[in-house]
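> Need a 3D model of the following:
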Amino acid sequence: MTIRIVSDSACDLPLDILEEYNIETAPLSVIQGEIEYLDKVTIQPNEVYDGMRNGIIYKTSQVCPDRFREIFEKHAKNKESVIYIGFSSALSGTLQSAIIAANNVKELYPDFDIEIIDTKAASLGFGLIVLQAAKLAKTGASKEDILSSTDYYIKHIKHIFKVDNLEYLYRGGRVSRTSAVIGGLLNIKPILGVDEEGKLVPLEKARGKAHVLKRMVDLMDEKSKGADYKKQLIGISHSDDLEETLILKEMIEERYGTKDFIISSIGATIGAHTGPGCIALFFLDK
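Sure, this is the predicted structure:
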């Protein structure tokens, strides 16, 4: 039976990779006033970042069950097996929408084979998990092997990211108004991560761009459990700050000799919470 890998737009994998590995993604939504846009379909990330710089406040919404039901039913009709690998359930209700849709489709197609996986990860952190599964599916790997590899990646993927402006995290309820004001005055750049439950957690604070990038690379050392970063595929996503992203990439190349990177834009949905200038680094600790 053909195994299809399905995900959502928060995985932040570049379009060429999605097409190469036949990964289908359901878009999350970005809302401006009364208008709802589909992430990377009817609105592009840079449009949102430009809007945020001009004071526009965006809201976001999970993928609705109907959108997943349409995708899953198509594969059920074709008698294809589906592995849906999704955005952290601690950060979005999208995974729950997928579960609802899968249950509805199984009522119509009782033999439909589908697995719903919570990556407990975000952006390219979960994008790397999706990509690994899709690579295995393309080579004809068994469902069991794909699920085993996916589980390994979920347990070992690490997130390190910095935001440029605490104001956007304040709007999303991640920091207090006092922290946002003081952070702006002192040029403090918070470094955050994602814990084992898939929730955002503060790691530390750095002052100034040069220092924050160095600390991000230092944290790779501190989080390593024997990882060989030279042989890894490292992910870096950013919200409209390619210049600083390339500096971070060069720092990792110089320290570890890493050759393989994926660099992509953070999607509009996640970016609406982090704001412009976010840079996120993803790797396996083992």
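> how close does the spatially most central residue of the chain get to Ile129?
Among the residues of the chain, Ser123 comes closest to the average C-alpha position under CA atoms, centre = their mean, at 1.2 Å. For Ser123, the distance to Ile129 equals 11 Å [CB to CB, to the nearest Å]. All C-beta atoms are positioned from the backbone trio N, CA, C, and that covers glycine.
> One more: Thr42?
Remark: distance between Thr42 and Ile129 (CB to CB) = 26 Å.
> So for the two, which residue has more residues nearby?
Per other CB atoms under 10 Å, whichever of Thr42 and Ile129 has more neighbours is Ile129, with 28 against 14.
> Local confidence estimate at the more buried one?
Note for Ile129: predicted pLDDT of 98.
> which ones are touching it?
Counting by CB atoms under 8 Å, 6 or more residues apart in numbering, Ile129 makes contact with Ile85, Thr119, Ala121, Thr150, Tyr153, Ile154, Ile157.
> So the second one is in contact with Gly127, correct?
When you say that, I think you mean Thr119. No - here Thr119 lies out of contact with Gly127, judged by CB atoms under 8 Å, at a distance of 9.3 Å.
> between the two, which one's more packed in?
Neighbour tally, Thr119 and Gly127, criterion other CB under 10 Å: the higher count belongs to Gly127, 30 against 26.
> how close does that one get to Ile35?
According to CB to CB, Gly127 stands 27 Å off from Ile35.
> What of Lys214?
As judged by CB to CB, Lys214 and Ile35 stand 41 Å apart.
> ok, these two, which is more surrounded?
Neighbour totals were compared for Lys214 and Ile35, and Lys214 leads with 15 against 9 (other CB under 10 Å).
> tell me which element the nearest residue to the more buried one once chain neighbours are set aside falls in.
Closest residue in space to Lys214, ignoring its immediate chain neighbours: Met251 at 7.1 Å, by CB to CB, 6 or more residues apart in numbering. Secondary structure assignment for Met251, by DSSP states H and E: helix 242-256.
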